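A.B. asks: using only what follows, build the 3D model:
(chains A and B)
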Amino acid sequence: MRFIQLAVFTSMVWCAFARGEESSWVDLLGLSGRLIANHATGVREPNQHQPLQSYAAFWLKSQKSGEVFSERIVLTYESVPKINNGNLNYKWFDRVGVREAVVGYQPLAGLRISAGKDILKWGSSDGVNPTQYLVARDFTLFNQSDEVRDLGSENLRVSWTPNAGDSPWEVEAVLQARGPRSKLLIPSQVVGFQSLSVFSERDQNQAFFGNQTELATRLNYYGMGFDLRLSGFRGRNRLPVFFVDSLQSVTARYPRLWGAGLDGSYSRGEWVLRTEHAFLKPESFAGKEELIQPAHWDGVYGVERKLFEDYRIQLQGLSRFHVRATRPETYQNSNLFLQTLEQQVGRANQLLLNYREQWLFGGTLRIEHKKEDSDWEQSFTLLGYHKGVGYLARPQVRYQLVQDWRIGLSLDAYGGPETGSLGALRAFSQALAQLEGYF
Amino acid sequence: MRSRYIFAWIADSRKSVETRLWSRASNSLGRWIFVQSIFYLVLGIYPVFGAFGLSGRDVMLQHEKARLFEDLQAEARLFTQNKDRKKREKTFTFYRKKAGKGEFGIRYNTLTRFHTPKEVTGEGILFLEQEDGKNEITLYLSKLKSLRRVETQNQSDSFMGSDLSYTDLATQKVDDFKYESSVTSKDCSQLINRSSAPPFSEAPISIAFDDHEKGKCYLVRMEALRDEVETRMNAKNLESVVSADTFMIYETRYYDSTQKVFKRVRSGQFASLPDKTYFPGKVYVENLKKSSFTLLEFSNVKGNSGIKASVFTKQNLSNP
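C.D. replies: Here you go, the predicted model:
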């Protein structure tokens, strides 16, 4: 039923904005927009052949750029599923939101100041970005594009390029009033405790400023044939960490996080090389070291090149090293029940944040095929880790119906041991159909 | 190489003859001799010199001079049609600014910022021509909010799905090629190959180039001097039809390894810019292998308007 509603909604919007010889009212007002509608069906037990999620979003964008002032506003109307207790028993609700609302000011050549709600993406590598400190992701939305899942926040950004803007150097500083928070879909049978509250009341009413304020800085160098960035961050973890409040309640918190990073890219001949590293130190909760993620170094090493006439291949090596091994089973508490629950929560944190192994290796492979004059494009993406974490395989095909309108089909197949961070998500393996249009 | 020495000697001789004649014009006898000299010069000597003609390199140096504007801004429409007659249209703003002189010729920096189709609004491509003759090409992908490099080896790839390559959008360097020692002028209409007339009826706008029907043109044959240039141009041998009047290129033909033309780029309706420089109002590209065509139309062309150097930085590229 919901899918039929979505189809009708989609058709109506399409008809309203379909452009013929004359411009639509959206064009006349200097606006632009985007429509996204998708439907995911489970392909593995226990959700095989079950509808997992339908989602529709309508974005309306205004963007103007001048020499001194600029503005960008993206308003959204979404029909989204609300997740209850990490299960698939979600309710539907519609919401109107501000995805981005930024004003820019350039008082001097080379000096840019922007303020508002913005999505500031950092990092050179693809898909896995250790230095992406400022953006969270809504993993509860099933979508073929990470862009749809990106969550920004209210911030002030100042960037300065010497020599009136004509220099390879750039210094950036971002003050974020409150950090965005990633949302996770967590199968409760894997986590194992029923009182889990992913979105606690405390999280919903996240305050501005105070201890929520974040600061990130970056020094960029754009050379000929290469670019390099050094970055620093003081803020909060984007992913939730579970803590036992009492025997009855487990809540999600977003610990403080300190980070230092380096990333860059280099091109030579047919190759593009990319690398990205961050040393991240989460808040230390005294007495609970065995239950939380220790300081760690995330590294990505990538190569990309064209293959034959119409293919591109990209390989990335992933490394994750923790300064110490964590063993939740060694946690001690005088209350045996509390000790058991704490150990259980510690194991859940290990699983969700993927730090069971002290040193973990992984990789990504992406192959794309697109002929310049064709309406079809295909890609295959594989993400996997060693030591029982599991894998995600995503074949995808997209077809351009008419200019600015595409349909896509993809399969997200999670595999590996059920106790692994990716293998545990096998219940969310899905076939996904998507319609996307720009107007 | 020898022909270049001959040309230099002829140029020097011509200059010294003129200087001597001019100094003699200071008295009446001298004036008489001067008039006589000019008479003989025009009737006799000049045609002899003219028979030597210009070298291909000289013509291309003149061409470089004729497009030597400080900066330029224009609105562009790019039409493409593939062999299945499927048409696409893209619009963008085109910015170009002189960056200096490099080892192989004048360097420019170019920025294109896309407006339509809506899917690519805000995306940009920055071309930085380097002193060593290489180009650095960076894309800004607005959906990903990130910069991406185009590998050097892939600069002969299609520019936004058209028959133009990234390299076609950059400027051609004189010293990237070897030229014929001498070229002679003929009627332009004779030099432009009409055997594959463009499919006028199918083009979204007129692609007739009226200026190609008039005047004299040089046919300049070029051979890429370095493998890197050949890779970038996707051809070792090219030939250009250059107007003897404005020194703008009317047509360039790209030859494959079997010496068959596989791509033809025609330019016309040139906009006149300050300091006797020009910029094409229309560029028409035929890909004879793919049976596809591309038409690039420029409008609102503004020359030497003082575009800041900071426009051509990666920082600006990522701030649409």
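A.B. asks: and the strands in the stretch 201-320 of chain B?
C.D. replies: Here the stretch 201-320 of chain B has its strands, by DSSP state E, counting those that start in this stretch, at B:216-224, B:237-243, B:249-255, B:261-268, B:271-273, B:277-279, B:282-287, B:292-303.
A.B. asks: what's in contact with the third one?
C.D. replies: Read it as strand B:249-255. B:63, B:188, B:191-193, B:209, B:211-212, B:217, B:233-243, B:261-268 (C-beta atoms under 8 Å, 6 or more residues apart in numbering or on different chains). (C-beta placed from N, C-alpha, C; glycine too.)
A.B. asks: out of these, which are buried?
C.D. replies: For the contacts of strand B:249-255, a burial check counting by 16 or more other C-beta atoms under 10 Å in any protein chain shown picks out B:63, B:188, B:191-192, B:209, B:211-212, B:217, B:233-243, B:261-268.
A.B. asks: returning to what we had before: to A:Val80, which of the strands of the stretch 201-320 of chain B lies closest?
C.D. replies: Of all the strands of the stretch 201-320 of chain B, strand B:292-303 sits nearest to A:Val80, with 42.0 Å by C-beta to C-beta.
A.B. asks: return the residues in contact with the closest residue to A:Arg426 other than its chain neighbours.
C.D. replies: Spatial nearest neighbour of A:Arg426, chain neighbours left out: A:Tyr414 (4.6 Å); criterion: C-beta to C-beta, 6 or more residues apart in numbering or on different chains. Counting by C-beta under 8 Å, 6+ apart, A:Tyr414 touches A:44, A:390-392, A:422-423, A:425-426, A:428-429.
A.B. asks: which single one of those is nearest to B:Phe127?
C.D. replies: B:Phe127 lies nearest to A:Leu392 out of those, by C-beta to C-beta, at 36.9 Å.
A.B. asks: among the contacts of A:Tyr414, which one sits closest to chain B?
C.D. replies: Nearest to chain B among the contacts of A:Tyr414, counting by C-beta to the nearest C-beta, is A:Leu392 at 19.3 Å.
A.B. asks: that older thread, what subset of the contacts of strand B:249-255 is also close to chain A?
C.D. replies: Here nothing survives when the contacts of strand B:249-255 are matched to chain A using C-beta under 8 Å from any C-beta of the partner chain.
A.B. asks: report the separation between A:Ala278 and A:Ser246.
C.D. replies: As judged by C-beta to C-beta, to the nearest Å, A:Ala278 and A:Ser246 stand 34 Å apart.
A.B. asks: these two: which is more packed in?
C.D. replies: Using other C-beta atoms under 10 Å in any protein chain shown, the more surrounded residue of A:Ala278 and A:Ser246 is A:Ala278, with 24 against 10.
A.B. asks: wait, a helix at the more buried one?
C.D. replies: No: per DSSP: H, G, I helix; E, B strand; the rest coil, A:Ala278 lies outside any helix segment and is strand.
A.B. asks: close enough to count as contact, it and A:Val128?
C.D. replies: No: between A:Ala278 and A:Val128 no contact is recorded; they are 10.9 Å apart, counting by C-beta atoms under 8 Å.
A.B. asks: can you tell me the centre-most residue of chain A?
C.D. replies: In chain A, the centroid-proximal residue (C-alpha atoms, centre = their mean) is A:Arg137; its distance is 3.3 Å.
A.B. asks: got the phi/psi numbers for the residue nearest to A:Arg426?
C.D. replies: Note on A:Tyr414: backbone dihedrals following degrees, to the nearest 10 are phi -90, psi 140.
A.B. asks: in terms of contact, does A:Trp122 touch A:Thr131 like I think?
C.D. replies: Yes: look at A:Trp122 against A:Thr131 with C-beta under 8 Å: they come within range, at 5.1 Å.
A.B. asks: what residues are shared contacts of those two?
C.D. replies: A:229, A:231, A:263.
A.B. asks: and the closest residue to chain A within chain B, what is it in contact with?
C.D. replies: Nearest residue of chain B to chain A: B:Ser310, at 2.8 Å (C-beta to the nearest C-beta). For B:Ser310, the contact set (C-beta under 8 Å, 6+ apart) comprises A:109-110, A:161, A:164-166, B:316.
A.B. asks: narrow the residues you listed to those in strands?
C.D. replies: Judged by DSSP state E, the contacts of B:Ser310 include no members of strands.
A.B. asks: buried ones among the residues you listed?
C.D. replies: Buried subset of the contacts of B:Ser310 (neighbour count, 16+ other C-beta under 10 Å): A:110, A:161, A:165-166, B:316.
A.B. asks: pLDDT and distance to A:Gly223 for those - can I get that in JSON lines?
C.D. replies: JSON lines is the format used below for the buried ones among the contacts of B:Ser310 (pLDDT from 0 to 100; distance: C-beta to C-beta, whole Å):
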{"residue": "A:Gly110", "pLDDT": "92", "distance to A:Gly223": "18"}
{"residue": "A:Thr161", "pLDDT": "96", "distance to A:Gly223": "14"}
{"residue": "A:Gly165", "pLDDT": "92", "distance to A:Gly223": "17"}
{"residue": "A:Asp166", "pLDDT": "91", "distance to A:Gly223": "14"}
{"residue": "B:Asn316", "pLDDT": "92", "distance to A:Gly223": "16"}
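A.B. asks: output these as JSON lines; include the columns distance to B:Lys90.
C.D. replies: Below are these laid out as JSON lines (distance: C-beta to C-beta, whole Å):
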{"residue": "A:Gly110", "distance to B:Lys90": "30"}
{"residue": "A:Thr161", "distance to B:Lys90": "29"}
{"residue": "A:Gly165", "distance to B:Lys90": "27"}
{"residue": "A:Asp166", "distance to B:Lys90": "28"}
{"residue": "B:Asn316", "distance to B:Lys90": "21"}
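A.B. asks: quick check, nearest of those residues to B:Leu68?
C.D. replies: Relative to B:Leu68, the closest of the buried ones among the contacts of B:Ser310 is A:Asp166; by C-beta to C-beta it sits at 20.8 Å.
A.B. asks: the closest residue to the closest one other than its chain neighbours: neighbouring residues, count only.
C.D. replies: Excluding its sequence neighbours, the residue lying closest to A:Asp166 (C-beta to C-beta, 6+ apart) is B:Ala309, at 4.1 Å. Residues within reach of B:Ala309, counting by other C-beta under 10 Å, total 18.
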